[in-house]
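1. pasting the sequence and the predicted coordinates here, then a few questions.
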Amino acid sequence: MAASAGLTALEAVNRILETVGEFPVTTLPAEVSPADTTSLAARAETHLYRETKTVLTRGWPENTQKSARKASGSTISMAGIYAVRGAGRDSRRNFAILGNELWDADAGSTTIETILASDAFVHLDLIHQLSGTDKDNFEMAAAATKEVIASYASQTFQRRIQGSAQQDAFLMQEQSIAEAYADRNPMEADTQLPNVQPMLPQQWGNTGQKPEGE
């Protein structure tokens, strides 16, 4: 699959290097022969891919799959999945990832059973990796998501290498702008039955106590 628009990994690495006053590089350190693993540029590339994983774990439109159906009755592979939760009728179930398999925390098992005998599937919302390689996992992200990733990588890199409080404040501003323009998954409301019992009686104000003299 081709890379998306926006920053390339090389451009992102050079942006990170700028935060500590370093000159840009013309080739990604990992693609130099032999591969560069010790320079500041190499460390910047490591920060970029580390933050890529961290940011993508939050779930974005390009790596979120809603209501995926997985066959139940056995183990379910979660290879290439960052996070999972139940969807639809399985939304109240407590799922997690154990190793590379779906874990049913309520049942304490990786053997996943359906809650309806008539349906042999479990329904899940999945947050995927975008690729098997670190570079492509960044480059296949949406352009606005790349900006968020690069902003976090720039901040953490600057903190580790230079530790300038003033520069950190500037980078936080850039991070806020990137976050503001990034596309996100639509918010989901947790539906509730109408006319439910209030937590406190409302006719006597917020205290829930009957006024004196009544």
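-> That came through, no problem. Numbers count the residues shown, from 1 in each chain.
2. my read: N14 touches T26, true?
-> No: N14 is not in contact with T26 according to C-beta atoms under 8 Å; the separation is 9.2 Å. Every residue, glycine included, has its C-beta placed from N, CA and C.
3. secondary structure class for P34?
-> Following DSSP: H, G, I helix; E, B strand; the rest coil, the label given to P34 is coil.
4. neighbours of it, just the number please.
-> 5 (other C-beta atoms under 10 Å).
5. so K135 lies in a helix, does it not?
-> Yes: under three-state DSSP, K135 sits within a helix.
6. hmm, back to that, settle it for me: which of N14 and T26 has more neighbours?
-> N14 (19 against 7).
7. OK, contacts around that one?
-> 24-25 (C-beta atoms under 8 Å, 6 or more residues apart in numbering).
8. buried stuff in the one helix or strand it maps to?
-> Using DSSP states H and E, N14 falls within helix 9-18. If you call a residue buried by 16 or more other C-beta atoms under 10 Å, then helix 9-18 has these buried ones: 9-10, 12-17.
9. give me the domain ranges for the chain.
-> Following automatic domain parsing, the chain resolves into domains at 9-59+141-181, 61-128.
10. hey, which of those is tucked in deepest?
-> domain 9-59+141-181 (a mean of 18; mean count of other C-beta atoms under 10 Å).
11. and the residue most central in space within the chain, how close does it get to N185?
-> In the chain, the residue lying closest to the centroid (C-alpha atoms, centre = their mean) is R58, at 1.8 Å. Plainly put, R58 is 9 Å away from N185 if you go by C-beta to C-beta, to the nearest Å.
12. which secondary structure element contains the nearest residue to T19 once chain neighbours are set aside?
-> Leaving aside its sequence neighbours, T19 sits nearest to Q158 (C-beta to C-beta, 6 or more residues apart in numbering; 4.3 Å). In the assignment (DSSP H and E), Q158 maps to helix 143-161.
13. so where does E179 fall, helix or strand?
-> E179 belongs to helix 165-181 when assigned by DSSP H and E.
14. which neighbouring elements make contact with that helix?
-> If you count contacts as 3 or more C-beta pairs under 8 Å, 6 or more residues apart in numbering; DSSP states H and E, helix 165-181 packs onto helix 143-161.
15. and the angle for the helix it packs on with helix 9-18?
-> 40 degrees (axes from the mean of the first three to the mean of the last three C-alpha atoms, to 10 degrees).
16. and the strands in the chain?
-> Per DSSP state E, the chain carries strands over the ranges 64-71, 81-86, 95-98, 101-104, 121-128.
17. on that earlier part again, which among the buried residues of helix 9-18 gets closest to H128?
-> A9 (19.1 Å; C-beta to C-beta).
18. ok, that closest one touching A141?
-> No: when contacts are counted by C-beta under 8 Å, A9 is not listed as touching A141 (10.5 Å).
19. any common contacting residues for those two?
-> Shared contacts of A9 and A141, defined by C-beta under 8 Å, 6+ apart, are absent.
20. ok so, going back, the domains of the chain into a markdown table, with extra columns for mean pLDDT?
-> As requested, those are exported to a markdown table (pLDDT from 0 to 100):
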| stretch | mean pLDDT |
| --- | --- |
| domain 9-59+141-181 | 97 |
| domain 61-128 | 94 |
